[in-house]
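*Asks:* Sharing a model prediction with you, sequence too.
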Amino acid sequence: MQNITIFGATGSIGDSTLDIVRRHPDRFSVYALSAQRRMQKLAQLALEFGAKVVIVPDVAAVDVFRANWPAHQALPEIRMGERGLCETARDPETDCVVAAIVGIAGLASAFEAAQAGKRILLANKEALVAAGSLFMQTVQAHNAQLLPVDSEHNAIFQCLQNGREQQHIQRLILTASGGPFRNTAIEELEHVTPEQACRHPNWSMGQKISVDSATMLNKGLEVIEAHFLFGLPADRIDVVIHPESTVHSMVEFIDGSLLAQLGNTDMRIPISYVMGYPERIDSNTPAFDLRKLQQLNFSLPDFGRFPCLKLAFEALRAGQAECIALNAANEIAVAHFLQGGLRFTQIAQVIEQALNWQSGQDSAIGHIDDVFQLDLLVRERARAFLPASV
């Protein structure tokens, strides 16, 4: 029996994780759940799964949570903010942490879980993008177990015989759907609305990650993540457009063999794999119907259409500080785009300006505090690069 703590429990990853918990009550129990905004849903989930701890952002959220809690039921312990997340990550009652908080906000608690030697199911890309070397060193130093939730890295992990065989890898091939604009005329991208950008053709995701998928910055973050997870340089990690999203990624070996992991576009599959690892457990998903598989299409991404992907490769080659700058500038740019303060095509422009600025700085990253300090500094610079109006 594993005590599961889910950071970001009310999002899509949380939903899929909890569905698997429902399927396997003999294997998993929920110890703690966190949410940033959806207190009513958090209360419902905490009640259903008997969570002993909930983590909410602030005092106002505590009041909303209490208002949505049944009067006749004993309240779970309520913890607040980043401090509450970190406390729960190292809590002796926590066996396994599902790190699904979006953005740099999820780094501190994931890093705390690594320091505490926990089993970490990582769905937060930014933890490795912003602090990859430090994070991986911490995992090894404290005998933590890091298992990738992202479908692409999970697929690679499965192809590598449970994560081994790195010395036999020729290259990693990450697949990308191409998002909602893979066939849109480039001149039309300037007029894309947030609603259009969030309408992913294959996956149901939150707003920020949906926009990242539309710009393919999301795939760029995954390239950086793959570098730290599997130890390969940028020139041995490729991205291919695969509209069907049936092949979730591939590994080419030095003998010419190419292994791929295929499946439905359902996050319960990779989540169930890491939850049950090293065993496989039922994911409660429909069987893959090979009769409906007519063809698989692959093509190389156009950097003219997806400049954010190109910038991610450049950041990885430049170093950790540039990866921090890439992520921080993107978070600022995407937030403003979603608020209507930035055009879709200007997201890449803000990121490029931030990377150009960072390239002139002397930024040493030797401690986790250095990551957060540089992140804040780049955010300030990125705001200065925002256009006065759209």
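*Replies:* Done, it's in.
*Asks:* Give me the distance between residue 177 and residue 297.
*Replies:* Look at residue 177 and residue 297: by C-beta to C-beta, to the nearest Å, they are 11 Å apart. (C-beta placed from N, C-alpha, C; glycine too.)
*Asks:* how does this structure divide up, domain by domain?
*Replies:* Split into domains by automatic domain parsing, the chain comes to 2-148, 163-264+301-385.
*Asks:* follow-up on the earlier one: shared neighbours of residue 177 and residue 297, anything?
*Replies:* Listed contacts common to residue 177 and residue 297 are 241, 242, 243; contacts here mean C-beta atoms under 8 Å, 6 or more residues apart in numbering.
*Asks:* from those, which ones fall inside strands?
*Replies:* Counting by DSSP state E, the shared contacts of residue 177 and residue 297 place residue 241 in strands.
*Asks:* State the mean pLDDT of stretch 247-263.
*Replies:* The average pLDDT for stretch 247-263 rounds to 96.
*Asks:* show me where this protein has strands.
*Replies:* Secondary structure of the chain (DSSP E): strands at 2-7, 28-34, 53-56, 77-80, 96-99, 119-122, 145-148, 169-176, 237-241, 247-253, 258-262.
*Asks:* who's in contact with residue 96?
*Replies:* Applying C-beta under 8 Å, 6+ apart to residue 96 gives the contacts 2, 3, 4, 5, 118, 119, 120, 121, 275.
*Asks:* hang on, the second one packs against residue 97?
*Replies:* Yep, that's residue 3 we're talking about. No: if you go by C-beta atoms under 8 Å, residue 3 and residue 97 don't touch, sitting 10.1 Å apart.
*Asks:* of all the contacts of residue 96, which comes closest to residue 304?
*Replies:* residue 121 (36.3 Å; C-beta to C-beta).
*Asks:* Contacts only, for the closest one.
*Replies:* Counted by C-beta under 8 Å, 6+ apart, residue 121 has contacts 17, 96, 97, 98, 99, 147, 149, 271, 274, 275.
*Asks:* one step back: more neighbours: which of residue 3 and residue 97?
*Replies:* residue 97 (29 against 16; other C-beta atoms under 10 Å).
*Asks:* Can you give me the neighbour number for residue 2?
*Replies:* 16.
*Asks:* so it sits right up against residue 31, yeah?
*Replies:* No: with contact defined as C-beta under 8 Å, residue 2 does not reach residue 31; the gap is 9.1 Å.
*Asks:* what do those two both touch?
*Replies:* residue 95.
*Asks:* do you know how far the residue in the chain sticking out farthest from the centre is from residue 47?
*Replies:* Taking C-alpha atoms, centre = their mean, the residue of the chain most remote from its mean C-alpha position is residue 72, at 37.5 Å. Using C-beta to C-beta, residue 72 is found at 11 Å from residue 47.
*Asks:* can you pick the most crowded of the shared contacts of residue 177 and residue 297?
*Replies:* Neighbour-wise, those (other C-beta under 10 Å) top out at residue 242, 22 neighbours.
*Asks:* OK, contacts around the residue nearest to residue 44 when sequence neighbours are not counted?
*Replies:* Excluding its sequence neighbours, the residue lying closest to residue 44 (C-beta to C-beta, 6 or more residues apart in numbering) is residue 68, at 7.7 Å. By C-beta under 8 Å, 6+ apart, the residues touching residue 68 are 39, 40, 43, 44.
*Asks:* Kindly report the same for residue 116.
*Replies:* 89, 90, 94, 142, 144.
*Asks:* let's see it at 6 Å
*Replies:* Counting by C-beta atoms under 6 Å, 6 or more residues apart in numbering, residue 116 touches residue 90.
*Asks:* One more: residue 281?
*Replies:* Residue 281 sits next to residue 272 when contact means C-beta under 6 Å, 6+ apart.
*Asks:* at 10 Å instead, please
*Replies:* Residue 281 makes contact with 20, 23, 24, 27, 28, 272, 273, 275 under the criterion C-beta atoms under 10 Å, 6 or more residues apart in numbering.
*Asks:* Check residue 288 too.
*Replies:* Neighbouring residues of residue 288 by C-beta under 10 Å, 6+ apart: 246, 262, 263, 264, 266, 269.
*Asks:* Show me which of these are buried.
*Replies:* Neighbour counting with 16 or more other C-beta atoms under 10 Å marks 246, 263, 264, 266, 269 as buried within the contacts of residue 288.
*Asks:* Switch those residues over to JSON lines, and while doing so, append distance to residue 334 to every line.
*Replies:* Shown next, in JSON lines, are the buried ones among the contacts of residue 288 (distance: C-beta to C-beta, whole Å):
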{"residue": "246", "distance to residue 334": "28"}
{"residue": "263", "distance to residue 334": "28"}
{"residue": "264", "distance to residue 334": "28"}
{"residue": "266", "distance to residue 334": "25"}
{"residue": "269", "distance to residue 334": "27"}
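*Asks:* Can you list which of the residues you listed are found in helices?
*Replies:* residue 269 (DSSP state H).
*Asks:* returning to that earlier point: tell me the spacing between the residue farthest from the centre of the chain and residue 252.
*Replies:* In terms of C-beta to C-beta, residue 72 sits 59 Å off from residue 252.
*Asks:* chain center to stretch 293-304: distance?
*Replies:* Its chain's average C-alpha position is 23 Å from that of stretch 293-304, according to C-alpha atoms, centre = their mean, to the nearest Å.
*Asks:* cool, stretch 381-389 as well?
*Replies:* 26 Å.
*Asks:* likewise stretch 374-390?
*Replies:* Put simply, stretch 374-390 sits 23 Å off its chain's centre (C-alpha atoms, centre = their mean).
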